[in-house]
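K.L.:
Predicted model follows, preceded by the sequence.
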Amino acid sequence: MSDCVAYFSAEFGIDESMPIYSGGLGVLAGDHIKAANDLNLPLIGVGIFYSKGYFQQRIREHGVQEHLFPKIDTAKSPVAPVLNQEGRPVYIEVPIADRKVVLTAWSMKVGRVTVYLLSSDVELNNEQDRRLTDHLYPGDQDTRIRQEIILGIGGVRLLRALGIQPGVWHLNEGHSAFLTLERIREYSAEGVAFDTALEAVKASTLFTTHTPVPAGHDVFSLEMMDRYFGDFYWQLGADRDKVLALGRIGDVFNMTRLAVTVSSKVNGVSKLHEEVTKELLHRWMPHIPQEDIPVTSITNGIHIGTWLSPGMKELFDRYLGFRWETNLSDPKTWMPVREIPSHTLWERHRRNQAVMIERLGLPLDSSSAGNLLIVGFARRFATYKRAYLLFEDLERLDRIVNDLLRPVCFVFAGKAHPSDRPGQELIKKIVEVSKSERFKGRIFVVENYDMEKAKHLVQGVDVWLNTPVKPMEASGTSGQKAAINGVLNCSILDGWWNEGYNGRNGWAIERGTEGNGEERACSDSTILYELLEKRIATTYYSRDEHGVPTEWVAMMKESICTLAPKFNTHRMVNDYWNKLYVPIMRRGSCFAVNDLEVAGRVAAYKRFIRDNWHEVRVGRMDVSSSRVTKIGLTMIRFEADIILGPIWHNDVKVEAVGPGFNGICKSELTFVEVLENGMYRYEGSYLNNTDSIWWLSKFNIRVVPISRDFSSDFEMELSAWGDK
Ligand SMILES: *Cc1c(COP(=O)(O)O)cnc(C)c1O
């Protein structure tokens with residue numbers, strides 16, 4: 001199979017029987033795979049078979065988190081050994097430090113889509129190496145880099161052994177970025193020069209970044225890199241410095257930097273996250289304004305077929321017309337939700353709640369579901385997610401949960417990474433609070449949060465709460481799962497909710513004050529308490545004569561209609577396909593045909609530009625303005641003399657760059673004449689409604705190298721500015 005997309009991810013949350021995910025990243029990867037299958041797109045997944053998975057969580061009496069690591073029973077799991085043409089298990093080798101480690105693979109079928117999962121648990125390996133793929137996200141750096149070698153390098157070798165030639169290589173987070181080094185090595189082994197190989201690899205690679213949290217970006221010391229790649233550098237046809245330069249930030253090797261360098265497109269997972277990612281990358285490319293950093297975004301979604309409760313599905317089957325599931329992203333598909341009688345929708349929701357109470361074993365009366373407002377908070381206990389926000393003022397929380405007329409109860413669930421002490425402390429604190437006299441029966445902690453428990457929670461609670469530190473939640477997806485089930489979101493305006501919230505389909509905890517972490521926590525929690533007291537509980541408990549909270553149900557409908565068409569993986573994977581996969585597939589094959597003709601040309605061009613860029617300077621520049629009285633605007637004129645040395649004037653873009661409405665304003669200057677050898681005059685004009693001296697004084701002239709073959713004007717991360 002060629003021209004498929006190879007989707008590499010360190011975790012996949014496809015099914016609860018395969019606990020090889022830790023949280024949102026993995027579940028998103030699983031939903032991506034399922035949507036690709038629904039949409040019949042040629043995609044394959046590559047990951048690791050962690051034989052003991054992520055851990056199973058037990059919470060001891062005093063809230064101490066215990067970690068259990070049961071081995072996944074392959075005989076009872078939806079996996080099969082990957083076989084070669086002779087019907088024997090496929091074995092491949094990867095170099096790990098001074099030795100070779102043998103890998104085998106398991107395959108998991110999701111309809112027509114296959115996910116390949118690598119394993120080092122092979123008899124041919126020594127005991128230590130067999131344990132390399134036991135756990136997801138090991139705490140120690142050595143196991144981590146080894147797993148990333150297995151995923152990246154082993155992943156490419158596995159696909160080759162199976163005769164699969166992907167047209168797009170999608171790095172779902174930076175863990176798999178070593179695959180690009182292996183691909184360069186392959187070219188090098190065929191005699192292709194490093195720079196040409198790099199261009200060919202870059203043209204066909206996509207990088208999706210998922211987190212602004214530093215712990216989410218893997219960093220290895222240069223000493224470690226030498227230890228693991230010392231024998232690999234030369235195989236790429238380059239020297240150590242050149243290889244390390246691909247990912248080097250100061251004294252460390254950063255996997256995110258590597259992924260950015262070797263990809264032709266980078267995307268974040270919500271609009272806000274796009275901005276945050278630009279800010280992050282701007283630190284690495286300070287001479288490129290943040291607004292110009294080439295990052296796009298595709299907002300995450302969820303796989304509706306996985307997360308919709310059977311009861312709601314039945315209702316949608318009845319009201320949305322047959323074939324509704326083939327048109328999930330069309331807002332019209334969802335319009336009939338408004339026609340569902342309020343008591344019918346409410347009844348479904350009550351039944352979902354009863355199921356949740358029973359399946360999760362909550363000490364509540366399932367027959368009176370719908371009579372007690374239940375708020376859910378479930379996700380990884382990472383500190384930035386601020387599960388403690390609700391507990392900032394225990395007196396006030398006491399009054400809220402124990403209100404005689406409008407009581408509220410809370411269900412918490414989530415795992416903290418085994419080496420995340422603060423996260424575990426938080427679980428302990430919440431367990432303690434839940435056991436104290438005044439909160440007993442009002443705050444519950446459910447242990448071992450996984451996809452199965454997540455389903456019950458997002459289908460059964462009334463409100464889904466999310467309180468991250470803005471803008472740390474790149475997207476978040478559990479609230480989307482809640483939304484399609486008619487559960488209302490109450491969340492910080494971060495990630496996807498910043499795009500989803502419309503003032504009527506849930507509640508926003510809008511940030512009151514800036515300030516340090518504590519001040520923000522204090523103001524955010526105050527806003528949360530106010531919402532709970534004045535808006536959420538009152539709406540929930542205002543019932544008609546049949547006990548139906550009509551205003552609440554109207555919000556449920558608004559929430560489903562406005563959020564479901566947008567935040568689902570059919571829309572998301574279609575966006576990936578149209579905006580990223582197809583262009584990259586074309587680009588990759590264009591770079592590769594005729595013995596890498598274009599890749600070679602781009603490499604040579606870049607080398608020439610890089611070697612001569614030090615000569616590029618902005619000489620004289622001039623800004624003048626004149627009033628165009630007829631239309632009441634000001635014409636700004638720019639003139640600049642640019643010294644380009646041996647670089648051709650058609651190979652650069654000259655722009656006036658100043659402060660603008662959305663951050664910056666740019667106006668391209670055009671070439672007018674050659675002044676003398678290597679010096680060129682450029683001119684341009686710009687119509688504006690102000691001629692403020694301050695604004696004009698902020699303009700500067702910028703020169704960047706361009707090419708039809710570049711994916712953006714900033715592909716070379718080079719620019720020259722006038723002296724200001
Ligand atoms: C959906 C899901 C997540 C992701 O939740 P966020 O809202 O992104 O924090 C984490 N864990 C499980 C088990 C999930 O199903």
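P.N.:
Perfect, thanks for sending it.

K.L.:
Quick check: phi and psi at Ile374.
P.N.:
Per-residue torsions, Ile374: phi -120, psi 120 (degrees, to the nearest 10).

K.L.:
Show me what the helix or strand of the chain with the lowest mean pLDDT is packed against.
P.N.:
Using mean pLDDT, DSSP states H and E, the weakest-scoring helix or strand in the chain turns out to be helix 693-697, at a mean of 83. With contacts defined as 3 or more CB pairs under 8 Å, 6 or more residues apart in numbering; DSSP states H and E, helix 693-697 has these neighbours: strand 652-660. The C-beta positions use only the backbone N, C-alpha and C, and glycine is treated the same way.

K.L.:
quick one: the strands in the stretch 201-350 of the chain?
P.N.:
Secondary structure of the stretch 201-350 of the chain by DSSP state E, counting those that start in this stretch: the strands cover 205-208, 219-221, 248-249, 252-254, 265-268, 296-297.

K.L.:
Tabulate those (JSON lines), appending mean pLDDT.
P.N.:
Compiled in JSON lines, the strands of the stretch 201-350 of the chain are given as follows (pLDDT from 0 to 100):
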{"stretch": "strand 205-208", "mean pLDDT": "98"}
{"stretch": "strand 219-221", "mean pLDDT": "97"}
{"stretch": "strand 248-249", "mean pLDDT": "96"}
{"stretch": "strand 252-254", "mean pLDDT": "97"}
{"stretch": "strand 265-268", "mean pLDDT": "98"}
{"stretch": "strand 296-297", "mean pLDDT": "98"}
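
K.L.:
before we move on, back to that, quick one: buried residues of the least confident helix or strand of the chain?
P.N.:
Trp695, Leu696 (16 or more other CB atoms under 10 Å).

K.L.:
and the next element down the chain from it?
P.N.:
strand 700-705 (DSSP states H and E).

K.L.:
Name the surrounding residues that touch that next one.
P.N.:
With CB atoms under 8 Å, 6 or more residues apart in numbering as the contact definition, strand 700-705 has outside contacts at 609, 613, 616, 618, 621, 638, 640, 642, 644, 647, 651-658, 669, 682, 713-714, 716, 718-722, 724.

K.L.:
Quick one: buried ones out of those?
P.N.:
609, 613, 616, 618, 621, 638, 640, 642, 644, 647, 652-658, 669, 682, 713-714, 716, 718-720, 722.

K.L.:
Give me the buried positions along the helix or strand hosting Met555.
P.N.:
In the assignment (DSSP H and E), Met555 maps to helix 550-563. Across helix 550-563, burial judged by 16+ other CB under 10 Å covers Trp552, Val553, Met555, Met556, Lys557, Glu558, Ser559, Ile560, Cys561, Thr562, Leu563.

K.L.:
tell me the mean pLDDT for stretch 653-670?
P.N.:
Computed over stretch 653-670, the mean pLDDT rounds to 92.

K.L.:
what about the helix holding Met555, near the ligand?
P.N.:
No. Using CB under 6 Å from any ligand atom, helix 550-563 never reaches the ligand; the gap is at least 13.7 Å.

K.L.:
Now do the contacts for the residue of the stretch 301-450 of the chain found nearest the ligand.
P.N.:
Nearest residue of the stretch 301-450 of the chain to the ligand, counting by CB to the nearest ligand atom: Arg379, 3.3 Å away. Contact analysis of Arg379 by CB under 8 Å, 6+ apart lists Gly23, Gly24, Lys385, Gly414, Tyr449, Asn466, Gly476, Ser478.

K.L.:
Which pLDDT value goes with the first one?
P.N.:
In this case it means Gly23. For Gly23, the predicted pLDDT is 94.

K.L.:
Which residue is the nearest non-sequential neighbour of it?
P.N.:
In this structure, Gly23 finds its nearest non-sequential neighbour in Arg380, 4.3 Å apart by CB to CB, 6 or more residues apart in numbering.

K.L.:
Repeat that for the third one.
P.N.:
The spatial neighbour of Lys385 that comes closest, neighbours along the chain excluded (CB to CB, 6+ apart), is Pro468 at 5.1 Å.

K.L.:
Check the burial of that neighbour by counting its neighbours.
P.N.:
25 (other CB atoms under 10 Å).

K.L.:
Figure out the helix or strand that it lives in.
P.N.:
Assigned by DSSP H and E, Pro468 falls within no helix or strand.

K.L.:
Residue of the stretch 51-200 of the chain closest to the ligand, please.
P.N.:
Tyr54 (9.8 Å).

K.L.:
Next, that residue: secondary structure please.
P.N.:
coil (DSSP: H, G, I helix; E, B strand; the rest coil).

K.L.:
my guess is it meets Leu25, correct?
P.N.:
No. Contact criterion CB atoms under 8 Å: Tyr54 and Leu25 do not qualify, at 11.5 Å.

K.L.:
Can you tell me the SS state at Lys100?
P.N.:
Quick answer, by three-state DSSP: Lys100 is strand.

K.L.:
From Ser120, how far off is it?
P.N.:
11 Å (CB to CB, to the nearest Å).

K.L.:
Mind checking which of those two has more residues around it?
P.N.:
More crowded of Lys100 and Ser120, by other CB under 10 Å: Ser120, with 26 against 13.

K.L.:
Was I right to think that one contacts Ile150?
P.N.:
Yes. Under the criterion of CB under 8 Å, Ser120 makes contact with Ile150 at 6.3 Å.

K.L.:
Excluding covalently adjacent residues, which one is nearest to Ser712?
P.N.:
Pro294 (3.9 Å).

K.L.:
In contact with the one you found, which residues?
P.N.:
Counting by CB under 8 Å, 6+ apart, Pro294 has contacts Lys265, Val266, Ser711, Ser712, Phe714, Glu715.

K.L.:
could you pick out which of these are near the ligand?
P.N.:
Near the ligand, judged by CB under 6 Å from any ligand atom, there are no entries from the contacts of Pro294.

K.L.:
In strands, which of the buried ones among the contacts of strand 700-705 appear?
P.N.:
With DSSP state E as the criterion, strands contain 618, 621, 638, 640, 642, 652-658, 669, 682, 720 from among these.

K.L.:
Now flag whichever of those residues is closest to the ligand.
P.N.:
Nearest to the ligand among these, with distances taken as CB to the nearest ligand atom, is Val657, at 36.9 Å.

K.L.:
Would you check that the closest one makes contact with Ile664?
P.N.:
Yes. If you go by CB under 8 Å, Val657 and Ile664 touch, sitting 5.9 Å apart.

K.L.:
which neighbours do these two share?
P.N.:
Pro289.

K.L.:
Within range of the ligand, give me the residues from the stretch 451-600 of the chain.
P.N.:
Checking the stretch 451-600 of the chain against the ligand by CB under 6 Å from any ligand atom, the hits are Met451, Ala454, Gly476, Thr477, Ser478, Gly479, Lys481.

K.L.:
no, scratch that, I was asking about the chain
P.N.:
23-24, 27, 379, 449-451, 454, 476-479, 481.

K.L.:
picking up where we left off before, which of the residues of the stretch 451-600 of the chain next to the ligand count as buried?
P.N.:
Met451, Ala454, Gly476, Thr477, Ser478, Gly479, Lys481.
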